[in-house]
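Colleague: Give the three-dimensional model of this entry:
(2 chains)
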Number of protein chains: 2
Amino acid sequence: MREAYVHGYDPRENERLQDQAGTLVDLLHADTAYPAGSMVLEAGCGVGAQTVTLAQRSPAARFTSVDLSADSITEARRRADQAGLTNVVFRQADIFALPFNAESFDHVFVCFVLEHLARPVEALAMLNRLLRPGGTITVIEGDHGSTYFHPDSPAAHAVIQCQVTLQREAGGNALIGRQLYPLLVAAGFDAVRVSPRMVYVDASRPELVDGFTRKTFTAMIAGIRESALARGLSEPDRFDAGVQALHRTTEADGMFCYTFFKGVGAKRRGA
Amino acid sequence: MREAYVHGYDPRENERLQDQAGTLVDLLHADTAYPAGSMVLEAGCGVGAQTVTLAQRSPAARFTSVDLSADSITEARRRADQAGLTNVVFRQADIFALPFNAESFDHVFVCFVLEHLARPVEALAMLNRLLRPGGTITVIEGDHGSTYFHPDSPAAHAVIQCQVTLQREAGGNALIGRQLYPLLVAAGFDAVRVSPRMVYVDASRPELVDGFTRKTFTAMIAGIRESALARGLSEPDRFDAGVQALHRTTEADGMFCYTFFKGVGAKRRGA
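Modeller: All right, here's what the predicted structure looks like:
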């Protein structure tokens, strides 16, 4: 699993994830806050891109943030220290074998994790076990199939498809956002509610042109160039033309959009 | 132009347009209201699907609603009478040759019209002339390329593409929503602001499953069957499989989404 992980831990990727969290923080987090004293599990915290935001927005909640990668945990801990957080404990652990008792958390938060898992419902069901009855799970995922832009470009869609294919070959699903509702229901959650969070970018929103279209989405796609070529999913000229077409959408007459999905569900009472 | 119009005036289509307005009314109209005494031009009112909502939401504004089709105007007038509206005047007129003086309106409203025009910027520029300086234009359009769903289905995308192709062959553009910003800027409007209005549908929203996925979008696609087959864009079995795949998204584990775009711009002062 680790080897195949598409968003790996390297400094450039790291910076991209950080930029992404910075640009999207309100869109994704504005409606998430946990009460004082509540115990919150962040499953799959990666390098802590969401952890700092989460913990700062709920300063009196107590977070346990876990990730499969020890390197990511080290980096996440460094960031949390740098931000002066005192309400987060980090642990290296596999989401499929978490070292916690049933019903030991009030809330669970999962962001950009299910997209990498071959068995997302199973992961959600295991997280469900860790929740006390009435506790909530919050899940945020993107969906690369939600991407469209102007000028439209088959070359750009083709490079995005390279990412979808790589992620599928790695056991994940880059189109998982649209499935949050059925996945949460299948995992046994109650009162599931999913809402789309669309990032709409045109030239009147220069901070998003730069922060999202250019430095988040296009940078992510550009970052899979070597993998896509090595796998024979594209050729250098075609790949570069696709990335160029994505950059083209950042011009004055361009438009780009992408949608994240945020789902919330509750652990059944008396289950 | 008239012959090629894709959303024609016939009772079933009429009902679809009405259902659409009923289901989407808040999403599309909630932030549109005109001050008392203001003169508002609704360009391309069709059978009045938006007119009743518009006029009821701004009861002290005075609307002039025009459409190219005399039949549509007759039906729109009937509906306005039925709704007891007293603040709307209807006129049959071509959007490219409107019988009004420059700067005779405070506001212009255009909904589901540009998608049918071969020269949308030219139409917007003519509407711009009719606005007093500082007056606003509001434009609402869909974008069929914004459609995605679960389960995903190439057959469903193919029938949607039939509609895109038919509309393009008729001189229109079913992907125009994403272009509202550059179109309004190109037509000379100031302070242009576009916002997406996504219709997100899953089984937790049964009124949208029925009102939007089934009775609006899928009904629209099913309604082009004969045209698509006559034009050789599909074959009966393939077309029906695509429509069936759209219906499949209305099941308990399904998801469907579509995005409208709403743009507002202002007539330049001192222009």
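Colleague: Point out the residues in chain A that sit beside chain B.
Modeller: Residues of chain A lying close to chain B (CB under 8 Å from any CB of the partner chain) are A:143, A:145-146, A:148-150, A:152, A:175, A:178-179, A:181-182, A:185-186, A:192-196, A:198, A:200, A:202-204, A:252-255, A:257, A:259. No exception for glycine: its C-beta is placed from N, CA and C like everyone else's.
Colleague: Which of those fall within helices?
Modeller: A:181-182, A:185-186 (DSSP state H).
Colleague: From the residues of chain A next to chain B, list just the buried residues.
Modeller: Among these, the ones that count as buried by 16 or more other CB atoms under 10 Å in any protein chain shown are A:143, A:145-146, A:148-150, A:175, A:178-179, A:181-182, A:185-186, A:192, A:194, A:196, A:198, A:200, A:202-203, A:253-255, A:257, A:259.
Colleague: Helices along chain A, start to end?
Modeller: A:11-29, A:51-57, A:70-82, A:120-130, A:154-169, A:180-186, A:206-208, A:219-222, A:225-230, A:236-248.
Colleague: which one's the longest strand in chain A?
Modeller: Counting residues, the longest strand found in chain A (DSSP state E) is strand A:131-150.
Colleague: chain center to that one, what's the gap?
Modeller: Centre-to-centre, strand A:131-150 and its host chain are 8 Å apart (CA atoms, centre = their mean, to the nearest Å).
Colleague: what does stretch A:253-271 give?
Modeller: For stretch A:253-271, the distance to the chain centre is 11 Å (CA atoms, centre = their mean).
Colleague: Output it as PDB, nothing but the C-alphas.
Modeller: Presented in PDB, the C-alpha positions along stretch A:253-271 are these (Å, rounded to 0.1, in the frame of the first residue of the first chain):
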ATOM      1  CA  ASP A 253     -11.000  34.300 -20.300                       C
ATOM      2  CA  GLY A 254     -10.600  30.900 -18.500                       C
ATOM      3  CA  MET A 255     -12.600  29.000 -15.900                       C
ATOM      4  CA  PHE A 256     -11.800  26.000 -13.800                       C
ATOM      5  CA  CYS A 257     -13.900  24.100 -11.300                       C
ATOM      6  CA  TYR A 258     -13.500  21.200  -9.000                       C
ATOM      7  CA  THR A 259     -15.800  19.800  -6.300                       C
ATOM      8  CA  PHE A 260     -15.000  18.300  -2.900                       C
ATOM      9  CA  PHE A 261     -17.700  16.400  -1.000                       C
ATOM     10  CA  LYS A 262     -18.100  16.500   2.800                       C
ATOM     11  CA  GLY A 263     -20.200  13.800   4.400                       C
ATOM     12  CA  VAL A 264     -21.300  13.600   8.000                       C
ATOM     13  CA  GLY A 265     -22.900  10.600   9.700                       C
ATOM     14  CA  ALA A 266     -23.700   9.500  13.200                       C
ATOM     15  CA  LYS A 267     -23.100   6.200  15.000                       C
ATOM     16  CA  ARG A 268     -26.400   4.500  15.600                       C
ATOM     17  CA  ARG A 269     -27.700   4.500  19.100                       C
ATOM     18  CA  GLY A 270     -28.500   1.100  20.500                       C
ATOM     19  CA  ALA A 271     -26.700  -0.500  17.600                       C
END
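Colleague: Flag every buried residue along it.
Modeller: A:253-267.
Colleague: if I read this right, residue A:253 contacts residue B:180, doesn't it?
Modeller: No: shown here, residue A:253 and residue B:180 do not form a contact pair, counting by CB atoms under 8 Å, at 11.5 Å.
Colleague: what's near enough to touch the residue nearest to the spatial centre of chain A?
Modeller: In chain A, the C-alpha closest to the average C-alpha coordinate belongs to residue A:112, at a distance of 2.0 Å (CA atoms, centre = their mean). Residue A:112 makes contacts with A:7, A:44, A:46, A:50, A:140-142, as judged by CB atoms under 8 Å, 6 or more residues apart in numbering or on different chains.
Colleague: Give me the below-cutoff pLDDT ranges for chain A.
Modeller: For chain A, the stretches with pLDDT under 70 are A:1-23, A:271.
Colleague: What is the burial count for the nearest residue to residue A:104 once chain neighbours are set aside?
Modeller: Closest residue to residue A:104 apart from its sequence neighbours, by CB to CB, 6 or more residues apart in numbering or on different chains: residue A:130 at 5.9 Å. Residues near residue A:130, counting by other CB atoms under 10 Å in any protein chain shown, number 20.
Colleague: Residue A:130 and residue A:109 touch, don't they?
Modeller: No: Residue A:130 is beyond contact range of residue A:109, at 12.0 Å (criterion: CB under 8 Å).
Colleague: what residues do these two have in common as contacts?
Modeller: residue A:41.
Colleague: who touches the residue of the stretch 1-150 of chain A found nearest chain B in this structure?
Modeller: Nearest residue of the stretch 1-150 of chain A to chain B: residue A:150, at 4.7 Å (CB to the nearest CB). Residue A:150 is in contact with A:249, A:253-256, B:178-179, B:182, counting by CB under 8 Å, 6+ apart.
Colleague: Bridging across strands, which residues link to it?
Modeller: Note on residue A:150: beta-bridge partners by DSSP bridges are residue A:255.
Colleague: and it, how far is that from residue A:205?
Modeller: 14 Å (CB to CB, to the nearest Å).
Colleague: Equivalent analysis for residue A:69, please.
Modeller: Distance, residue A:69 to residue A:205, using CB to CB: 34 Å.
Colleague: Then residue A:76?
Modeller: 30 Å.
Colleague: Pick out whichever of those two has more residues nearby.
Modeller: Using other CB under 10 Å as the criterion, residue A:76 and residue A:205 rank with residue A:76 on top: 25 against 17.
Colleague: just checking, the more buried one touches residue A:90?
Modeller: Yes: counting by CB under 8 Å, residue A:76 touches residue A:90, with 5.8 Å between them.
Colleague: which residues do the two both contact?
Modeller: By CB under 8 Å, 6+ apart, residue A:76 and residue A:90 have these common neighbours: A:45, A:65, A:67.
Colleague: for those, which one is nearest residue A:84?
Modeller: Using CB to CB, residue A:65 is the member of the shared contacts of residue A:76 and residue A:90 that lies nearest residue A:84, at 15.7 Å.
Colleague: Run through the residues that contact that closest one.
Modeller: Residue A:65 neighbours (CB under 8 Å, 6+ apart): A:41-42, A:45, A:48, A:51, A:76, A:88-91.
Colleague: rerun at 6 Å
Modeller: A:42, A:45, A:51, A:88, A:90 (CB atoms under 6 Å, 6 or more residues apart in numbering or on different chains).
Colleague: again, but for residue A:189
Modeller: residue A:265.
Colleague: which phi and psi does it have?
Modeller: Per-residue torsions, residue A:189: phi -80, psi 150 (degrees, to the nearest 10).
Colleague: So it versus residue B:165, what's the distance?
Modeller: According to CB to CB, residue A:189 and residue B:165 sit 41 Å apart.
Colleague: what do you get for residue A:254?
Modeller: Taken as CB to CB, the span from residue A:254 to residue B:165 is 24 Å.
Colleague: Please apply the same query to residue A:199.
Modeller: The spacing between residue A:199 and residue B:165, counted by CB to CB, is 29 Å.
Colleague: same question, residue A:119
Modeller: Taken as CB to CB, the span from residue A:119 to residue B:165 is 40 Å.
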